[in-house]
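A.B. asks: here are the coordinates; sequence isn't available:
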């Protein structure tokens, strides 16, 4: 029933507004000929909360005012422009309104940064710039007469703030403000006021609007290292919400800190979200006093408005003031007046009314700030705890409805009523409580040792050293202390969720289930789950093993190279060496015999040609390389026994119902049950490397252990580094998020730690040193692999030497044949005089001469050689058989 009544009242109020707007439009259209239209520009950021609501209040103000004052002879016509939170856009809009639309005044702009430029345009065009939200004291109506501030200057609150500081007796305060016209304009006034009460400002913290959470947190951590614990914040709501959120995460909203905010952060001025207000628990602030009135109460009922925004009320009263001033200025035909702008400005300043915001009285071009309320943020709401006026100072109402000096009560950060002292010794906040797991095995990652004398723990290991390297990469200090925990990793992580500890550092695997209650950093080590099994010996022999050291193509190329080299030697020696002469079948056999005998360097035929010696030098080097490579590869194949895994995949293990193992206290147990569908009764928990080895060995010996072990790949690599000859990883690897550090959900430290982890992991020197410290000296093997496999040597491995010997052989043949044919051609030219068929005859003669013994004039005589002796020209007709007989006789004689 209540809901229905509320809905009906809402419809009545909405119809009333529509009726008033229609009445106003009808009046505009019906009496346009008899009313003087006064164009007025409006520049707001309609996408902001304040700008959007102010635009609505301005339209309602126009409707309400002319509905009540139908007899007025003037009507304000509004020309709306959107500044889009951009100084240039706002200035361009103002220029268009002044030059094109010929407005008599401009309401706005919304922000002080924009107003600084638009005021200059108004001064030159003598168009009043009336702003209800540009509160920076740097914009002075006394210096720029055509600027009218229909709001209170930020300088009005200075005395109220200094009264609070003086009340609690603080002697130091740090100023935190944004780097804008709004922020910078307030600082000189507050600094002077603090000096008057002998309060020192040791540091000014400037926060740029473009600052990220990282940069804000960096600045806050710098403040934590200072002595002062009292902070005054002057900035807009959007930036301050980021500031207080990061301050809470950094531990600066705890006991011992005091925070004071200026007028701009009160919900009456710029509403903030509930999350932002909850992060401001214990903050003190000031806000202008909004006097209650029947007019305001009726207005709230009509609009069904809860919390009102003072800027919007000032916007409403500003429109009413302009409408009254326009009537007084433009009710008579004064368009020819040369000083119309100044007249309108002066009329605005002289206009007084009692509006929704109270007494709307412009003194020296702006509203006066006579009374302020002091509030305390408690559980996301602003609680009024007192008031301030220049005459009474700070006071509050008692239960007996009497006034009393001071504040009612105050809840400070940390939810305490103990007044902060305001200063501490320079320390960097509270130490972070970092949980580390106590591991009974695989201590290469995390090792926790208790000191019985001091009661403190000493931590070491790969994960700990990586974390310490990460801390060095952070742009700020992160005080911490380690707290050991013996139990399940999931239980340790849940302590972070319960706020019993602040982070977890160790070989913690990033999984989807765990990410539901903690935030992980970027992984510092890749990981995944794999299966570890024993190796079995393959005792089968191969009768063709001697062929495997070389690939089939290398065998083929090597054989062809032997034949080619033998042929080259025959070509070079046949013409001059008797050992390379004889019947064709004997010469063919010699070609094969000579080349293949070089394998064992058993050739007995002597060579006399220097080109042959050149070819053989290179060829013997090739033979040496081939034989040594063949011998080494064959020896490796015969020495190293072939190893095969006992199981190739987990399906064979599941099908036979064999038990498997996992690391105790890890997430792998749940992974085996949920993801790989193992029965829990088939699972065995182990903690150390030795237990892994024993369990797998027992299975290989008598089937009493486990068939396989599942664990994170980094842990399995540590195991294989010690027992690489008997075990191997098989099957697919089940990828996960890797190893990372855990922090509370939403922790602002996570992106900074992650960025530092990337810097560390990308630094190869740092990671190499850490890995070498814990892993490199653990291996008893020459490398980390198991089940060595030696492949056949290929042609590609020896391509260079084959090209070298081939080129040398061809070059020698070309040189030898070139010299031979040249000599024969010259001799035939001297003995042949007929031109007919002389060329063909010469070629035939040269081919015949190649198979004959050489001319003695071209042969070097060697007495002890088995080369054909030098003869005179008349012996050249002897047959080849006689030469062979003579040579054999010489051998017998020798």
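C.D. replies: Nice, thanks for sending it over. Being a predicted model, the structure only gives us computed values, none of them experimental.
A.B. asks: residue ranges for the strands of the stretch 301-450 of the chain, please.
C.D. replies: 352-355, 358-363, 366-367, 371-378, 381-389, 393-397, 403-405, 432-437, 447-450 (DSSP state E, counting those that start in this stretch).
A.B. asks: How far away from the center of its chain is the second one?
C.D. replies: If I follow you right, that is strand 358-363. Chain-centre distance of strand 358-363: 54 Å, with CA atoms, centre = their mean, to the nearest Å.
A.B. asks: tilt between that strand and strand 371-378?
C.D. replies: Taking axes from the mean of the first three to the mean of the last three CA atoms, to 10 degrees, one finds that strand 358-363 is oriented at 120 degrees with respect to strand 371-378.
A.B. asks: how about the helix ranked longest in the chain: buried residues?
C.D. replies: When the chain is parsed with DSSP state H, its longest helix is helix 795-831. Neighbour-count burial for helix 795-831, counted by 16 or more other CB atoms under 10 Å, picks out 795, 798, 801-802, 805-806, 808-809, 812-813, 816, 820-821, 823-824, 827-828. No exception for glycine: its C-beta is placed from N, CA and C like everyone else's.
A.B. asks: other SSEs contacting it?
C.D. replies: helix 552-573, helix 610-639, helix 838-850 (3 or more CB pairs under 8 Å, 6 or more residues apart in numbering; DSSP states H and E).
A.B. asks: Okay, angle between it and helix 610-639 too, please.
C.D. replies: Using the same axes, to 10 degrees: helix 795-831 against helix 610-639 is 160 degrees.
A.B. asks: For stretch 665-679, measure first residue to last.
C.D. replies: Start and end residues of stretch 665-679 are separated by 18 Å (CA to CA, to the nearest Å).
A.B. asks: Closest to the centroid, which residue in the chain?
C.D. replies: In the chain, the residue lying closest to the centroid (CA atoms, centre = their mean) is residue 755, at 5.8 Å.
A.B. asks: Report the distance from the longest helix of the chain to the chain centre.
C.D. replies: 65 Å.
A.B. asks: how many degrees apart are it and helix 552-573 in direction?
C.D. replies: Computed by the same axes, to 10 degrees, the angle between helix 795-831 and helix 552-573 is 20 degrees.
A.B. asks: Touching, residue 189 and residue 159? I think so.
C.D. replies: No - Residue 189 sits out of contact with residue 159 when judged by CB atoms under 8 Å, with a separation of 9.9 Å.
A.B. asks: do you know how far residue 723 is from residue 650?
C.D. replies: Here the criterion is CB to CB, to the nearest Å. By it, residue 723 lies 21 Å from residue 650.
A.B. asks: Ok, residue 150 next?
C.D. replies: Distance, residue 150 to residue 650, using CB to CB: 77 Å.
A.B. asks: Can you give me the neighbour number for the nearest residue in space to residue 72 that is not next to it in sequence?
C.D. replies: Computed as CB to CB, 6 or more residues apart in numbering, the closest residue to residue 72 that is not its neighbour in sequence is residue 327, at 5.0 Å. By the criterion of other CB atoms under 10 Å, residue 327 has 20 neighbours.
A.B. asks: can you give me the strands for the stretch 1-150 of the chain?
C.D. replies: Using DSSP E, counting those that start in this stretch, strands in the stretch 1-150 of the chain cover 36-44, 74-82, 105-107, 129-131, 147-152.
A.B. asks: what's the closest of these to residue 463?
C.D. replies: strand 74-82 (53.9 Å; CB to CB).
A.B. asks: who are the neighbours of that closest one, in terms of helices and strands?
C.D. replies: Other elements packing on strand 74-82 under the criterion 3+ CB pairs under 8 Å, 6+ apart are strand 36-44, helix 49-68, helix 87-99, helix 310-330.
A.B. asks: which of the residues in the second one are buried?
C.D. replies: The reference is to helix 49-68. Taking 16+ other CB under 10 Å as the criterion, helix 49-68 shows 49-51, 53-55, 57-66 as buried.
A.B. asks: what's the answer for the third one, then?
C.D. replies: Under the neighbour-count criterion of 16+ other CB under 10 Å, helix 87-99 has 87, 89-91, 93-94, 97-98 buried.
A.B. asks: now swap in the shortest one and tell me
C.D. replies: Along strand 36-44, these residues count as buried under the neighbour rule (16+ other CB under 10 Å): 36, 38, 40-44.
A.B. asks: From the residues you listed, pick the one nearest residue 457.
C.D. replies: Closest approach between the buried residues of strand 36-44 and residue 457, by CB to CB: residue 44, at 60.3 Å.
A.B. asks: confidence score at the closest one?
C.D. replies: pLDDT recorded at residue 44 is 93.
A.B. asks: Could you pull up the contacting residues of it?
C.D. replies: 51, 54-55, 80-83, 108-110 (CB atoms under 8 Å, 6 or more residues apart in numbering).
A.B. asks: Now that we have these, can you turn them into a markdown table and tack on pLDDT and distance to residue 606?
C.D. replies: Output for these, formatted as a markdown table (pLDDT from 0 to 100; distance: CB to CB, whole Å):
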| residue | pLDDT | distance to residue 606 |
| --- | --- | --- |
| 51 | 88 | 108 |
| 54 | 90 | 114 |
| 55 | 91 | 113 |
| 80 | 93 | 112 |
| 81 | 94 | 109 |
| 82 | 93 | 105 |
| 83 | 92 | 105 |
| 108 | 87 | 112 |
| 109 | 91 | 109 |
| 110 | 87 | 108 |
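A.B. asks: What is the neighbour count of the closest residue to residue 342 other than its chain neighbours?
C.D. replies: The shortest distance from residue 342 to any non-neighbouring residue, by CB to CB, 6+ apart, is to residue 126 (6.2 Å). For residue 126, the neighbour count with other CB under 10 Å is 17.
A.B. asks: how much space is there between residue 126 and residue 225?
C.D. replies: Counting by CB to CB - residue 126 and residue 225 are separated by 53 Å.
A.B. asks: between the helices and strands packed on strand 74-82, which gets nearest to residue 365?
C.D. replies: helix 310-330 (12.8 Å).
A.B. asks: Can you pull the poorly scored residue ranges out of the stretch 551-700 of the chain?
C.D. replies: Low-confidence segments of the stretch 551-700 of the chain, defined by pLDDT under 70: 575, 578, 600-605, 638-643.
A.B. asks: any chance of the contacts of residue 44 in TSV, with distance to residue 579 too?
C.D. replies: Formatted as TSV, the contacts of residue 44 follow (distance: CB to CB, whole Å):
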residue	distance to residue 579
51	110
54	116
55	115
80	114
81	111
82	107
83	107
108	114
109	111
110	111
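A.B. asks: From those residues, list the buried ones, please.
C.D. replies: 51, 54-55, 80-83, 108-110.
A.B. asks: from those, which is closest to residue 260?
C.D. replies: residue 110 (25.2 Å).
A.B. asks: so what's that closest one up against?
C.D. replies: 43-45, 48, 50-51, 54, 83, 131, 133-134.
A.B. asks: Could you tell me how far the nearest residue to residue 300 once chain neighbours are set aside is located from residue 133?
C.D. replies: Leaving out its chain neighbours, the residue that sits closest to residue 300 by CB to CB, 6+ apart is residue 308, at 6.9 Å. Distance, residue 308 to residue 133, by CB to CB: 15 Å.
A.B. asks: which of those two has more neighbours?
C.D. replies: residue 133 (30 against 20).
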